[in-house]
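Peer 1: output the structure for:
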Amino acid sequence: MKIVTVKNVEADKRTDVTMKTLFGPGAAEQARVTMGMAVFPPGARVPAEGVGAHQEDEYAYVIRGSLLTMSGDKEYRLSGGQASLIPAGEAHWSCNDGTEDCELIWALVEKE
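Peer 2: Numbering: from 1, shown residues only. This next block holds a predicted model:
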C-alpha cells in the first residue's frame, strides 16, 4: 500500500487553480491511472482560455462547492456530492462561478 498526505504534495499552480497529483502513472506496476485533487477559488477557470482535451477519460468527484463546466457542446453544473465522467478526447473547461472554493478529486484513466 502507498499512502500520500495531501499537504505534503507539491502543488502545480494553473492560473488560480491549485492542482496536486497524488498518484501518477508510475505509482503502481503497469498503472494506467493518474489521480489528484484540485481547489478552484471563486473565478478560477481551467484552462484559463478556450478548451482542453486529453487522451484519457477524466473522472471527478466534487467534495464541496460547485463548478460550471462545459463538455462537448453542453454546459453542466456540478456540486458537492456529484461525480462526472468526461470521455477521452472531448473538449471541456471548468469554472468556479460561485462564491466559495470548489474542491474535487480527479482521475485520468488511460484507455487500452
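Peer 1: next SSE downstream of the helix or strand harbouring T18?
Peer 2: Here T18, judged by DSSP states H and E, is contained in strand 17-23. Later in the chain than strand 17-23, the nearest helix or strand by DSSP H and E is strand 33-40.
Peer 1: and the strand holding T18 with strand 33-40, angle?
Peer 2: Interaxial angle, strand 17-23 versus strand 33-40 (axes from the mean of the first three to the mean of the last three Cα atoms, to 10 degrees): 160 degrees.
Peer 1: show me where the chain has strands.
Peer 2: Assigned strands in the chain, in chain order: 12-14, 17-23, 33-40, 45-46, 57-64, 66-71, 74-79, 83-86, 92-95, 102-109 (criterion: DSSP state E).
Peer 1: alpha carbons only: can I get stretch 49-61 in PDB?
Peer 2: Taking Å, rounded to 0.1, in the frame of the first residue of the first chain, the C-alpha atoms of stretch 49-61 are listed here in PDB:
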ATOM      1  CA  GLU A  49      -9.000  30.400 -22.000                       C
ATOM      2  CA  GLY A  50     -10.500  28.100 -24.700                       C
ATOM      3  CA  VAL A  51     -11.000  24.400 -24.100                       C
ATOM      4  CA  GLY A  52      -8.800  21.500 -23.200                       C
ATOM      5  CA  ALA A  53      -8.900  17.800 -24.100                       C
ATOM      6  CA  HIS A  54      -6.700  14.800 -23.400                       C
ATOM      7  CA  GLN A  55      -6.300  11.100 -24.400                       C
ATOM      8  CA  GLU A  56      -7.600   9.700 -21.100                       C
ATOM      9  CA  ASP A  57     -11.100   9.500 -19.700                       C
ATOM     10  CA  GLU A  58     -11.500  12.100 -16.800                       C
ATOM     11  CA  TYR A  59     -13.400  11.200 -13.700                       C
ATOM     12  CA  ALA A  60     -14.100  13.700 -11.000                       C
ATOM     13  CA  TYR A  61     -15.900  13.800  -7.600                       C
END
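Peer 1: appreciated, that's everything.
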